[in-house]
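>>> Using only what follows, build the 3D model:
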Amino acid sequence: MNKKITWKELKALDDIYHLKKTKAVIQGHPYISYLLNDKGILDLKRDNIKVIISAKGFEEFYEREFKMQYDEAKFFLESNGIEANAKNSFTLEEVKTLMLIEENKAELKSKPTNIEDFSNEFFDISKYLKNKIGLRNAVFKILDITQFPLDKKENQWRIVVDRQNPDAVIICENKSFLKQPWIAKNTNVKLWYVGGNNIKVLDDIDEFELPKPFYYCCDWDLAGLEIYERIKRKLKLRNKDIILLYPNLPHKKISTYIAYHDSHWNLNKKLSGLQIENFNKKELLLIQDLIKNEQWIEEESFDLITMLRSQLEGR
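Residues are numbered from 1 along each chain as shown. Prediction:
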């Protein structure tokens, strides 16, 4: 449970250890509630219940569970020029991860990457850092960078993993699969990343590429499927169609209302505003289920090799 404790609660516990009390508004946190009501090692001041005070057993508990971690984390943050105050929303686990990043700083800086791959490597979720501005800035400060090298915005660029005479072209919404070149080799496909919404580069596809089958791999959320529809319309102008890759089973569905995700279904529109004619029956059933349950499927969770082989063998 204490993995979810943030710096605000941790600092308050340290104040209780040293000052025997805190005025920090932390009673609503489940872990603090647990220490107050279940373990009974914290209490509320009788004449001011907004003040939390220590009770029997708290000092021993804090020294065993938190003191060393807090002291090390505070020293680490301050040594790296990162504020260690109650306004900081880092969890204790996030600070531990920052410490691991700092330990591997030289190795990490020698190998360019993008924010999705870095986030997935250290926080287990590819989009974890995108909406956590404070945490992302802390990572940048530790690595002495202003952004990840492969996230630099350039006009009309396209990252490609090439193959000689590929069987198909796969356009990816995110970069992660392009960082796994064995996918292209094992399936004999060319992988393209066109920068999410930056699909104008598709206007310049060479004619010799067009006879190949085109597939689109994306997050199955409203944003990803809207981009698919725009790509489909754009390619239609060149008499070219594109096939949406269907997520492999079992589907790893996630709530759209999680911290790192900001694409939500429009429940006021039929099929969330998507055009029914752009999807087959199987795809529509999955989309309708995702909308009904307000869930999505992350592209990085796909087994792309299995999906591609299924598509290519079924042609």
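
>>> Output the below-cut-off pLDDT ranges for the stretch 101-250 of the chain.
Low-confidence segments of the stretch 101-250 of the chain, defined by pLDDT under 70: 152-159, 195-198.

>>> Okay, helices next: where are they in it?
105-109, 115-123, 133-143, 182-187, 222-236 (DSSP state H, counting those that start in this stretch).

>>> Give me the buried stretch members for the last one, please.
Burial within helix 222-236, assessed by neighbour count using 16 or more other C-beta atoms under 10 Å, is assigned to 222-229, 231-232, 234-235. The way it works is simple: take the backbone N, C-alpha and C, and place the C-beta from them, glycine included.

>>> same question, the fourth one
In terms of neighbour count (16+ other C-beta under 10 Å), helix 182-187 has its buried residues at 183-184, 187.

>>> Please convert the buried residues of helix 222-236 to TSV, extending it with distance to Ile52.
Conversion of the buried residues of helix 222-236 to TSV gives the following (distance: C-beta to C-beta, whole Å):
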residue	distance to Ile52
Leu222	43
Ala223	42
Gly224	45
Leu225	48
Glu226	48
Ile227	49
Tyr228	51
Glu229	53
Ile231	55
Lys232	57
Lys234	59
Leu235	61
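
>>> I'd like to know which of those is nearest to Leu285.
Closest to Leu285 out of the buried residues of helix 222-236 is Leu225 (14.0 Å), distances taken as C-beta to C-beta.

>>> list the contacts for that closest one?
For Leu225, the contacting residues are 218, 244, 274, 287, by C-beta atoms under 8 Å, 6 or more residues apart in numbering.

>>> The first one is in contact with Glu173, isn't it?
Spelled out, it's Cys218. Yes. In this structure, Cys218 is within contact of Glu173 by C-beta atoms under 8 Å, at 3.8 Å.

>>> Can you check which residues contact both of those two?
Contact criterion C-beta under 8 Å, 6+ apart; residues bridging Cys218 and Glu173 by contacting each: 224, 227, 299.

>>> give the contact list for Glu116.
126-127, 174-176, 300.

>>> what's the farthest-apart pair in those residues?
Greatest spacing in those, by C-beta to C-beta: Lys127 and Lys175 (11.9 Å).

>>> I'd like the buried residues of helix 182-187 as a markdown table, with distance to Glu207 appended.
Formatted as a markdown table, the buried residues of helix 182-187 follow (distance: C-beta to C-beta, whole Å):
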| residue | distance to Glu207 |
| --- | --- |
| Ile183 | 26 |
| Ala184 | 22 |
| Thr187 | 24 |
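
>>> with the residues you listed in mind, which one is nearest to Leu202?
Closest approach to Leu202 among these (C-beta to C-beta): Ala184, at 18.9 Å.

>>> Next up, the contacts around the residue nearest to the closest one when sequence neighbours are not counted.
The shortest distance from Ala184 to any non-neighbouring residue, by C-beta to C-beta, 6 or more residues apart in numbering, is to Val161 (4.5 Å). Contact partners of Val161, counting by C-beta under 8 Å, 6+ apart, are 178, 181, 183-184, 190-191.

>>> Please produce CSV containing the contacts of Glu116, extended by neighbour count and distance to Lys105.
Shown next, in CSV, are the contacts of Glu116 (neighbours: other C-beta atoms under 10 Å; distance: C-beta to C-beta, whole Å):
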residue, neighbour count, distance to Lys105
Ser126, 24, 21
Lys127, 21, 23
Asn174, 21, 25
Lys175, 21, 22
Ser176, 20, 23
Glu300, 19, 25
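
>>> and of those residues, the nearest to Asn278?
Nearest member of these to Asn278, counting by C-beta to C-beta, is Asn174, at 20.5 Å.

>>> Would you mind giving the domain segments of the protein?
Domain segmentation of the chain under automatic domain parsing yields 1-81, 159-313.

>>> Relative to Ala138, which of those is closest?
Smallest distance to Ala138 across those (C-beta to C-beta): 7.7 Å, for domain 1-81.

>>> tell me the mean pLDDT for that closest one?
Domain 1-81 carries an average pLDDT of 90.

>>> in this protein, what residue sits furthest out from the centroid?
Distance from the C-alpha centroid of the chain peaks at Asp47, with 45.0 Å (C-alpha atoms, centre = their mean).
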